[in-house]
Every structure is written in C-alpha cells, then in structure tokens.
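Student: generate a structure from the sequence data that follows.
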Amino acid sequence: MYLFDNTINKNLSGAGFTLIELLVVMVIIGILAMAVIVAVNPLRNINQAKEANVKTDMSQIVHALKAYLTTNEGKYPDVSSPPLQNLVVSKDLDPLPMQPDGTDYNYQRSTTCDPGTCSAVVWGKLYNSPAGAVWCWDSASSKFKESPSAPAAGATTCP
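Tutor: Numbering: from 1, shown residues only. Model prediction:
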C-alpha cells in the first residue's frame, strides 16, 4: 500500500474546466450583457419618464392657469417667486409641481395685463430632446408644443 495513491489523481484528471475555457465563457457573458444594456438603454427610458412627468405637470399648471383666468376677471397671475405660487395661494393648484431636476417651472406674463388682453407662457425642460429644448404652452395658441429653446425674457409666446 502506497501512502499516496495515484488512482485519485487519475480519476480527477480531465474533470472540470480549464482556465481558458472559464475566461472565454466569462467574455461571452460580458458581451451578451453589454448587448442587453445597449438595447434597453436605461438612460433613454429614465429621460422618457422625466419628459412624461413634465408634460403631466404642465397640463395641471395650464388647467390651473385657465381656472385662475376665469375667476380673476381675465387676468393671469402675477409673476411671483417661485413662479406660479399665486396658483397655490388661490387654491387652483396644490401642491406646486417641480421639474424632475428640482427646479421650478418657468412662467411669464404680459406686463400690461388688462382683462381680455392678458397673455402668458409656461415651459419646462425636456430631457430626451436636443439641448435647450422645452415643452411650452402659450395662451395665444392655447396649445402645447416642443420648442427648440425657451421663450425670450418678457415674451409671452413659445418660440
């Protein structure tokens, strides 16, 4: 009887995988994982969700602006800090929505706001569009649209 029996080593030889085989399998799994990540594109999906949130918030803000206009003799609210805070004070909107990045939605109103001639514009940042693009609504067209840039200071229409 031998102290070290070679039959154990003979039975184990050929069993298992070589280091090269394991590395090849790991590389293939890594390539497949990258393909799935590229196909799913989580950043695009996150930005689509943010844009959907902006569009929903803007719809609520516009409904509140229209309600305010109706109950305040054809005048839109004054520009306040934060913008649109007067909609919360008048109880037309509660709570005041924030953009997904934590900033306020933008709002401008005509400087002379006589009943019937008052105009306003509201916009929020878009996340899946070219840099600087905004989701915009103005009282002149009473429609939402994607604009390549924010309205100029003092303007009451979407560009």
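Student: rest of the way, CA atoms for contacts and neighbours
Tutor: Fine.
Student: and the longest helix anywhere in the chain, what does it pack against?
Tutor: Taking DSSP state H as the assignment, the helix of the chain that covers the most residues is helix 42-71. Under the contact definition 3 or more C-alpha pairs under 8 Å, 6 or more residues apart in numbering; DSSP states H and E, helix 42-71 sits against helix 85-89, strand 120-125, strand 134-138.
Student: residues contacting residue 115?
Tutor: With contact set as C-alpha atoms under 8 Å, 6 or more residues apart in numbering, residue 115 has these partners: 73-75.
Student: 10 Å instead, please
Tutor: By C-alpha atoms under 10 Å, 6 or more residues apart in numbering, the contact list for residue 115 reads 69, 72-76.
Student: ditto for residue 80
Tutor: The contact partners of residue 80, by C-alpha under 10 Å, 6+ apart, come to 86-87, 107-108.
Student: in TSV, list the residues you listed along with pLDDT and distance to residue 60.
Tutor: Compiled in TSV, the contacts of residue 80 are given as follows (pLDDT from 0 to 100; distance: C-alpha to C-alpha, whole Å):
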residue	pLDDT	distance to residue 60
86	91	14
87	93	11
107	95	14
108	95	17
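Student: output the residues you listed in a markdown table; the columns should cover neighbour count and distance to residue 129.
Tutor: Putting the contacts of residue 80 into a markdown table (neighbours: other C-alpha atoms under 10 Å; distance: C-alpha to C-alpha, whole Å) gives the following:
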| residue | neighbour count | distance to residue 129 |
| --- | --- | --- |
| 86 | 20 | 30 |
| 87 | 22 | 29 |
| 107 | 23 | 21 |
| 108 | 25 | 23 |
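Student: that'll do, ta.
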